[in-house]
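Trainee: Starting from these lines, generate the structure:
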Amino acid sequence: MPVPPISAASLQALYEGNHGWLHQWLRRRLGCSDDAADLAQDTFVRVLLKPEELPAVREPRAYLVTIARGLVRDLWRRRSLERAWLDALATLPEPMAPSPEDQLAMWQALQELDRMLGGLAPKARQVFVLSQLEGLNYAQIAERVGLSERTIKRYMAEGFERCLSLMD
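Mentor: Coordinates of the predicted model:
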């Protein structure tokens, strides 16, 4: 049986009935009202992008929290990546530091790589990074992470497939 489309009034009711609650929920977890406001808005943008899912939702707040948790994880991952990037730049001697334009280009490439690998399972992402950024071979990676070489090969294939599919 086809699911009826969601009305603008239903979306408005969802937003008005839950935005304040979601903002408070996020603020308690993040400790920052501004970040909470941004992620609350982003949560509702995600809802707007997939309105066909809404009619099947029985617990709207649970649905919103599921989306918001993913956004919080993304925020923390991006901030961790940014801290690591800034720490790496800070260790470079002044004459070797890249120009601001090169820094921006490298930061954008790093963000793109993070976006590409974001869809992989954490172990698969770790394996791919050890191979591509640290230059370890499959046997070294297997030893370091405690997995079989066969599993390493499978994770590497997933990583390459993910990158190639997002490059198209």
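
Trainee: So what touches the helix or strand hosting residue 36?
Mentor: In the assignment (DSSP states H and E), residue 36 maps to helix 33-49. Here helix 33-49 makes contact (Cβ atoms under 8 Å, 6 or more residues apart in numbering) with 11, 14-15, 19, 22-24, 26-27, 29-30, 53-54, 63-64, 67-68, 71-72, 75. In this view, the C-beta of every residue, glycine as well, is placed from N, C-alpha and C.

Trainee: Could you list the buried residues of it?
Mentor: 35-36, 38-40, 42-44, 47 (16 or more other Cβ atoms under 10 Å).

Trainee: pLDDT and distance to residue 122 added to these, as JSON lines?
Mentor: Shown next, in JSON lines, are the buried residues of helix 33-49 (pLDDT from 0 to 100; distance: Cβ to Cβ, whole Å):
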{"residue": "35", "pLDDT": "96", "distance to residue 122": "23"}
{"residue": "36", "pLDDT": "96", "distance to residue 122": "25"}
{"residue": "38", "pLDDT": "96", "distance to residue 122": "25"}
{"residue": "39", "pLDDT": "97", "distance to residue 122": "21"}
{"residue": "40", "pLDDT": "97", "distance to residue 122": "26"}
{"residue": "42", "pLDDT": "95", "distance to residue 122": "22"}
{"residue": "43", "pLDDT": "96", "distance to residue 122": "23"}
{"residue": "44", "pLDDT": "93", "distance to residue 122": "28"}
{"residue": "47", "pLDDT": "91", "distance to residue 122": "26"}
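
Trainee: rewinding a little: buried subset of the contacts of helix 33-49?
Mentor: Neighbour-count burial (16+ other Cβ under 10 Å) applied to the contacts of helix 33-49 gives 14-15, 19, 22-23, 26-27, 30, 54, 63-64, 67-68, 71-72, 75.

Trainee: Return the backbone torsion pair for the closest residue to residue 125 other than its chain neighbours.
Mentor: Spatial nearest neighbour of residue 125, excluding adjacent residues (Cβ to Cβ, 6 or more residues apart in numbering): residue 117 at 4.9 Å. Main-chain dihedrals, residue 117, degrees, to the nearest 10: phi -90, psi -10.

Trainee: distance of residue 117 from residue 139?
Mentor: Distance, residue 117 to residue 139, using Cβ to Cβ, to the nearest Å: 22 Å.

Trainee: Have a look at these two and say which one is more surrounded.
Mentor: residue 117 (18 against 10; other Cβ atoms under 10 Å).
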